[in-house]
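A.B. asks: how does the following fold in three dimensions:
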Amino acid sequence: MRELEGDLASAATGAMREAMPHARQELREQITGAGLGTRLANTWRGEVYPGSRKSINPSGYIWSNAPDIVDAFDRGAQITPRGGKRFLAIPTDNVPRSPGRGRRTSTKRMTPAEVEQSFSQDLFYRRGKAGRVLAFINAVASSGRSGYGQVMATNVDGLNGQYCLAIKSRRVTISGSYAAGGSNLWIIKSDGSAVGTGTAGKIFVSGLVGEGVGGTTHGLRLFSANAAATSINVTGFDIESIDTAVEIEAATRMSDVTIAQGTARDVRRFGMKASGAIDEISLSAINLIDVATYAAQFLSGRITTRDIYVSMKSGSTAHADDFFRVEPGVVGFSCDNLKMEENRGAGNTVPTLYLQSPRGYNRLSNIDCRIDGNLPLKGFRGQLAVGNSVAISPLIDLDSMHSLVKLDANAAVTVIAIISVAPGGATLPEGYTVTVIPNSGFPYTFANSAAGGNLNIETGDVARTVNQPIRFEWGGAVWHRV
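C.D. replies: Residues are numbered from 1 along each chain as shown. Predicted coordinates:
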């Protein structure tokens with residue numbers, strides 16, 4: 001019996017010592033299979049009792065060193081941030097580890113507050129998927145195997161050079177810069193030329209103060225030359241006495257550009273031009289004071305503007321240009337709280353806001369446009385007819401699909417044509433209408449299908465006297481009298 005009992009104890013204890021690790025491993029695989037990582041999985045531990053002796057009744061004991069966490073995932077629990085906060089911060093593998101006591105780093109990742117303190121920067125946020133919010137700083141991996149570095153320029157001054165500061169790089173922060181003179185005060189450029197290569201992106205600029213001297217052309221120039229430029233943020237600028245305060249120029253593609261909290265004084269214009277593509281441009285809290293021609297011209301992309309003030313320069317002779325000019329290439333234009341004033345007598349023959357973006361993609365609110373106290377009509381033109389036969393050239397307004405022409409004359413006049421080409425060379429869409437109102441005592445004749453004309457009146461020539469309107473609709477080949 002003693003020999004039989006010994007054999008049974010040896011067999012039972014051996015079976016327990018072989019079975020326990022398999023059971024522990026199965027629990028670990030359940031943790032890793034759920035995507036919870038190996039650290040939590042390795043908290044499962046196991047022992048066989050008795051330890052060094054054999055027993056006919058052995059036992060295997062398996063436990064977790066993190067029972068609360070395992071229990072929460074097993075039964076389900078609501079995890080909430082501490083102190084009534086809205087978000088729970090979960091570090092990714094890119095978050096550096098906290099400094100450890102007595103060693104270089106600990107096993108714990110930095111908290112958001114530690115990251116901001118370590119890098120001397122505030123976190124900025126982007127909306128992610130499924131309601132998540134992602135937090136970032138301007139840090140790039142160092143050339144070594146680990147660690148992080150920052151590219152920052154602070155309090156940079158430049159005088160009378162070609163550029164105060166030219167950037168052909170990624171992930172750059174500029175804080176505080178004064179410049180005077182040169183062809184460009186500051187230029188942020190993606191370039192593939194022999195001078196240097198780089199793709200401008202993740203650029204953060206703040207605290208720019210500059211003034212033009214002599215032949216200074218641009219204040220701040222954002223330029224995608226031979227490569228795309230993206231994620232450029234400009235906050236806080238004061239630019240004076242210069243041709244173009246801020247210019248966004250896309251030879252290739254430029255996107256995600258934010259310009260805010262700036263003032264430009266005594267400048268010719270503020271705007272953008274593009275032969276490539278511009279997407280997602282945001283302008284807010286900008287004062288444009290003493291502008292000589294147009295305040296802003298937008299040629300392409302999706303544009304959002306908010307809280308913009310513009311005043312025309314006293315004595316300017318360039319009154320034929322518009323304050324805000326939105327060209328057909330713009331796929332969406334949003335404008336909220338725009339105030340524009342003109343402090344010299346130019347009349348109201350030119351629209352203050354010239355909107356030619358496609359219909360249905362635009363949002364305008366809180367617009368206050370004043371020229372000498374008058375509110376100009378979009379698409380309105382006062383035209384003086386000189387000579388016996390004339391062609392009317394209305395100001396085009398694709399938003400309302402209608403133009404109004406007040407026609408004066410210094411003699412008897414015959415109208416043979418209405419210009420049907422919109423700015424940029426595009427032909428007006430069918431259904432566009434033009435109303436003509438004679439405004440003088442001379443006789444007017446609207447010629448039906450005259451040589452070189454494009455009017456289709458069907459009843460022969462039509463005569464009009466003062467304040468008798470006549471309306472035409474573009475049919476794709478000729479203007480039809482309505």
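A.B. asks: so which elements touch the strand or helix carrying Ser175?
C.D. replies: Applying DSSP states H and E as the criterion places Ser175 in strand 170-180. For strand 170-180, the elements it packs on are strand 152-159, strand 163-167, strand 184-193, strand 201-211, judged by 3 or more CB pairs under 8 Å, 6 or more residues apart in numbering; DSSP states H and E. The C-beta positions use only the backbone N, C-alpha and C, and glycine is treated the same way.
A.B. asks: ok, the longest one: who's next to it in the sheet?
C.D. replies: Listed by DSSP bridges, the sheet partners of strand 201-211 and their directions read strand 170-180 (parallel), strand 229-250 (parallel).
A.B. asks: neighbouring contacts of the following helix or strand past that strand?
C.D. replies: Downstream of strand 201-211, the first helix or strand assigned by DSSP H and E is strand 218-224. Contacts of strand 218-224 with the rest of the structure, by CB atoms under 8 Å, 6 or more residues apart in numbering, involve 183-190, 200, 205, 208, 210, 212, 229, 232, 234, 237, 239, 242-254, 257, 264, 267, 276.
A.B. asks: now a ChimeraX select for only the buried ones of those.
C.D. replies: Here is the ChimeraX command that selects the buried residues among the contacts of strand 218-224 (16 or more other CB atoms under 10 Å):
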select :184,185,186,187,188,189,190,200,205,208,210,212,229,232,234,237,239,242,244,245,246,247,248,249,250,251,252,253,254,257,264,267
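A.B. asks: could you check how far Arg53 is from Asn439?
C.D. replies: According to CB to CB, to the nearest Å, Arg53 and Asn439 sit 117 Å apart.
A.B. asks: now swap in Asn184 and tell me
C.D. replies: Taking CB to CB, one finds Asn184 at 47 Å from Asn439.
A.B. asks: also Gly181?
C.D. replies: For Gly181 relative to Asn439 (CB to CB), the value is 50 Å.
A.B. asks: how about Asp256?
C.D. replies: Distance from Asp256 to Asn439, by CB to CB: 49 Å.
A.B. asks: comparing the two, which residue is more hemmed in?
C.D. replies: Asn439 (18 against 15; other CB atoms under 10 Å).
A.B. asks: show me what contacts that one?
C.D. replies: With CB under 8 Å, 6+ apart, Asn439 has these contacts: Gly382, Lys406, Leu407, Asp408, Val466, Asn467.
A.B. asks: report the buried members of those residues.
C.D. replies: By 16+ other CB under 10 Å, the contacts of Asn439 give Lys406, Leu407 as buried.
A.B. asks: returning to what we had before: comparing the strands paired with strand 201-211, which yields the minimum mean pLDDT?
C.D. replies: When the strands paired with strand 201-211 are compared by mean pLDDT, strand 170-180 comes last with a mean of 74.
A.B. asks: count the residues that sit near Asn57.
C.D. replies: When counting by other CB under 10 Å, one arrives at 11 neighbours for Asn57.
A.B. asks: using the three-state scheme, assign it.
C.D. replies: Following DSSP: H, G, I helix; E, B strand; the rest coil, the label given to Asn57 is coil.
A.B. asks: quick one, what contacts it?
C.D. replies: Counted by CB under 8 Å, 6+ apart, Asn57 has contacts Ala12.
A.B. asks: list the contacts for the closest residue to Ala264 other than its chain neighbours?
C.D. replies: Of all residues not flanking Ala264 in the chain, Ala245 sits nearest, at 3.5 Å (CB to CB, 6 or more residues apart in numbering). Counting by CB under 8 Å, 6+ apart, Ala245 makes contact with Gly219, Leu220, Ile239, Ala264, Val267, Arg269, Phe270, Leu288.
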